[in-house]
Structure formats: C-alpha cells, structure tokens
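Asker: Got a predicted structure plus its sequence, pasted below:
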Amino acid sequence: MKPWLACVVAVVHAADAADSFATHAAERDKTQTKRCGWVRGLKQSGEPITYERAPTGLADIFSSMVTAFWYAALAGRPLAAHWPESINTIELPRRALRNKPYRLNANETYFKRTHEAFKETLGKRIRNADWPSAPWALSGNRGMTQWLFDHQRPALNASGVEGDAIHAAGCVLHHLAKPHAAAYAETIAPLLEKIDKARTRGPVVCIHARTGLMPELRRNDGGKRSRPDDEMHGTRSTSIGVDDVRGVVACAQEAEQEAGGKSSWFVAADSASLRADFLKRFPGKIVLADWAPDPFASYQVGGGSRGGGRRRPGGAPDPRAMRAALARTFAEWYALSRCDYLVASRSGFSRTAAAVAVAARGASVRYVGRLAAPCRRADAGSPMERLLVSGGAGL
C-alpha cells in the first residue's frame with residue numbers, strides 16, 4: 001500500500017472509531033440517566049475526597065472505590081481518584097491533581113486489619129455530622145455497601161442515594177467505570193463486537209470462572225498445594241479443564257434454557273487451559289477474548305497479594321505494559337457487566353460486574369461458589385443477591 005493511501009485508511013479508521021465510541025457513550029449516558037439518574041443528582045461541593053487505589057486486583061479497586069464514593073456522598077463532597085495506571089483506560093469522573101505512580105498517604109484506611117475501626121469511625125462521623133473539611137484521602141480493599149445499607153440507610157437516603165444495595169452499588173460502578181475512548185477503540189470495542197456478532201445468532205450467556213477461588217480444585221503439586229489458576233500467575237500449570245467446573249457448565253446450561261434455547265457462551269476465565277478446553281468441548285459455541293490471561297494485578301504498581309507487579313524481573317514496571325494489561329482485564333470485566341445472562345463465580349470480578357449488569361440491564365444472574373453446590377439464582381431480594389454484595393471482600 002502506498003504511504004498516502006495508508007494515511008487515508010488510517011484517518012478513515014480513526015473516524016469510524018470515534019463515531020463508534022460516541023454512539024457507545026451516548027447509549028451509556030442514556031442508561032445512566034434512565035436507571036441511575038440519582039448518582040449525578042447527588043449534592044456535592046467543596047474539596048474532593050480522594051480515593052487512593054489499593055495495590056490489588058481490579059475488582060477490589062472497584063469495590064473499595066465504591067466505599068470511598070459512599071463516604072464522599074455522606075460527607076456531601078465530590079470524589080476524586082488517584083489511580084495513575086488507569087489513565088487512557090478508564091474515564092473516571094474526577095482524578096486527583098497529582099497522578100504520579102506512587103501511593104498517597106491515606107488519612108483513613110479500610111484494609112483487612114483496619115476496616116472494622118473504619119466502620120466505627122464512619123458511624124461516629126454520620127451520627128455527629130463530623131466530616132473532614134481539609135483535603136482527605138481514603139484507601140482500602142473492602143466494600144461496605146451491604147453494611148451501610150443495613151446500618152446507615154437513613155443517612156444514605158438523606159444524601160440522595162436511591163435503590164437497594166445491589167442496584168445502588170451497580171449504579172455507582174456504572175458511573176465510575178466508564179471506558180476511555182482510546183481503550184475502547186483498541187481493546188474493548190473489538191471484544192464487544194465479537195459478542196454482538198454472536199448475538200445475531202441468538203442469546204449470549206456470559207460465564208466468569210475464577211477457578212483459583214474454588215477450594216475443591218486445589219491440588220498438591222510436587223509436595224506443594226497449588227491453586228488451579230497458578231498457571232495464570234506464571235508458576236506451575238495444573239491443567240484445569242471443563243470437567244473441573246461442572247457446576248459452572250450446569251449453570252450456563254440452565255441460563256441458556258431461560259434465554260430461550262441454543263446460545264453462545266462468552267467465557268472469561270483466569271486459566272488458559274480452561275479457556276482452551278471450553279473451545280475444544282463446545283466447538284462453535286464459545287466466544288473468548290483475543291488475548292491470554294494476564295498475571296493478577298500485573299497492571300498495578302506493587303502488584304497484589306498473588307504476585308503481579310511484585311514478581312516482575314528487573315524491578316521497575318513498564319507503564320505501557322501495565323496500561324495494556326489493565327485494558328485487557330477491564331475489557332473482559334466490562335463485557336461481563338453488559339450481559340443479560342451471567343454466571344458468576346466466587347470472585348469479586350464476577351460480583352462487581354454482576355451488580356452493574358443487574359442495575360443497568362436487569363440481568364439474570366446465577367452463582368457458583370463451590371462445585372458441589374447446586375446452581376443458585378441471584379433473584380431480587382434473595383440470599384444469593386445479598387451474597388453478590390456482601391461476599392468476599394464486599395462491594
């Protein structure tokens with residue numbers, strides 16, 4: 001191709017991508033207004049409360065950002081986020097002024113060892129209307145939506161929050177987790193297009209299989225007890241296959257019946273061997289992202305509890321590689337959050353995506369926590385729906 005023609009093609013592709021993103025953004029805004037209009041209607045003024053991203057996985061970052069959102073809403077202040085790695089991937093409503101890849105010193109935290117004390121302090125602030133007026137930063141890896149709705153619902157209502165716990169949290173995440181135009185064009189749109197193409201043939205059932213959190217699949221490997229997603233973390237492979245996730249398959253088949261018959265399955269899984277086995281066992285039925293699973297928290301400075309950045313050879317992370325890893329991870333999460341039929345596993349990745357799908361689309365969600373347990377629906381008001389909000393590190 002001649003250079004001048006290549007330039008013309010590039011310009012046309014860029015224009016098409018811009019039009020595609022504009023259409024998608026308009027559809028998102030319409031959904032936000034129709035189903036979650038109260039989020040933008042909250043009265044917020046003054047110095048923002050800053051959320052400092054936790055050095056962990058995407059779902060925990062989202063859950064803890066929701067906690068910071070509730071804190072800011074109760075204080076009547078806007079929320080800003082310090083999450084430098086997400087620039088050009090996630091279009092946050094407001095960012096901290098200094099977006100450098102180091103951690104801020106948080107004034108209050110809600111990690112595993114501090115979240116109970118945080119709840120006590122937050123309760124006192126609500127009772128006494130004692131909110132900080134100076135610049136204030138929060139950090140943690142715990143979601144507190146269900147606790148707040150159980151114990152502080154009048155205060156939330158007075159702040160303008162609407163809906164039950166799962167719809168409110170889903171609306172907040174729909175507001176916060178907006179794709180950036182660059183990541184949408186490069187990574188997200190191609191995956192959504194694959195799923196939309198499958199929808200032209202019939203319904204799509206979305207599956208998230210986080211096998212590493214299913215204790216039945218933990219095995220001994222050379223005298224060491226291995227998690228089945230260790231292959232994802234670059235250590236040793238445990239060759240997980242479809243037969244190991246029979247409960248997930250049963251849930252997907254049940255969702256397929258509800259959807260009205262033969263469906264395609266979009267599978268998001270941390271195990272490369274499980275993805276490959278789904279393709280082998282269900283030819284012509286499976287939709288996958290075009291990339292292999294990334295190491296956990298490989299998009300985060302400092303990594304996470306399972307490795308990621310902490311195991312990078314040579315020390316300093318490559319910012320471009322981190323942004324690309326985050327874009328891939330976010331794309332799969334975003335696709336799950338836009339599903340009408342969703343099979344969630346024992347993972348915050350599933351639960352946060354399910355909350356958005358329920359709030360924004362009225363999705364039908366099924367849950368598989370342990371393979372020996374039956375497939376359970378997360379119907380409105382059910383214990384399973386509550387588990388989506390309160391399970392694990394919370395939402």
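Answerer: Structure's in. What do you need?
Asker: measure the residue nearest to Thr50 when sequence neighbours are not counted to Lys34 for me?
Answerer: Leaving out its chain neighbours, the residue that sits closest to Thr50 by CB to CB, 6 or more residues apart in numbering is Ala137, at 4.4 Å. Using the backbone N, CA and C atoms, a C-beta is placed for each residue, glycine as well. When CB to CB, to the nearest Å is applied, the distance between Ala137 and Lys34 equals 33 Å.
Asker: Have a look at the two and say which one is more surrounded.
Answerer: For Ala137 against Lys34, the residue with the higher neighbour count under other CB atoms under 10 Å is Ala137, and the figures read 21 against 9.
Asker: dump the residue contacts of that one.
Answerer: Counting by CB atoms under 8 Å, 6 or more residues apart in numbering, Ala137 makes contact with Ile49, Thr50, Tyr51, Glu52, His82, Leu104, Asn105, Ala106, Asn107, Glu108.
Asker: ok, back up a step: starting at the chain centroid, how far to the host helix or strand of the residue nearest to Thr50?
Answerer: Secondary-structure element containing Ala137, defined by DSSP states H and E: strand 136-140. From the chain centre to the centre of strand 136-140 is a distance of 20 Å (CA atoms, centre = their mean, to the nearest Å).
Asker: Touching the next helix or strand after it from outside, list them.
Answerer: Next along the chain after strand 136-140, taking DSSP H and E as the criterion, comes helix 145-151. For helix 145-151, the surrounding residues in contact (CB under 8 Å, 6+ apart) are 66-67, 70, 119, 123, 156, 164-165, 168-169, 386, 389-390, 394-395.
Asker: the strands in the stretch 251-395 of the chain, which residues?
Answerer: 264-269, 286-287, 341-345, 364-368, 376-377 (DSSP state E, counting those that start in this stretch).
Asker: can the ones you listed go into a markdown table with extra columns for mean pLDDT?
Answerer: As requested, those are arranged in a markdown table below (pLDDT from 0 to 100):
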| stretch | mean pLDDT |
| --- | --- |
| strand 264-269 | 96 |
| strand 286-287 | 98 |
| strand 341-345 | 94 |
| strand 364-368 | 94 |
| strand 376-377 | 93 |
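Asker: Of those, flag the one that's most buried.
Answerer: Compared across the strands of the stretch 251-395 of the chain, strand 341-345 shows the largest average neighbour count, a mean of 28 (mean count of other CB atoms under 10 Å).
Asker: Between strand 364-368 and that strand, find me the angle.
Answerer: With axes from the mean of the first three to the mean of the last three CA atoms, to 10 degrees as the basis, strand 341-345 and strand 364-368 are set at 20 degrees to each other.
Asker: Other residues contacting strand 341-345?
Answerer: Under the criterion CB under 8 Å, 6+ apart, residues 203-211, 213-214, 248, 251-252, 255-256, 258-259, 263, 336, 350-351, 353-354, 357, 363-369, 378, 388 lie in contact with strand 341-345.
Asker: Buried ones among those residues?
Answerer: 203-211, 213-214, 248, 251-252, 255-256, 259, 263, 336, 350-351, 353-354, 357, 363-369, 378, 388 (16 or more other CB atoms under 10 Å).
Asker: returning to that earlier point: adding distance to Ala18, write the strands of the stretch 251-395 of the chain out as a markdown table.
Answerer: Listed next are the strands of the stretch 251-395 of the chain as a markdown table, based on distance: least, CB to CB, whole Å:
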| stretch | distance to Ala18 |
| --- | --- |
| strand 264-269 | 26 |
| strand 286-287 | 26 |
| strand 341-345 | 30 |
| strand 364-368 | 34 |
| strand 376-377 | 40 |
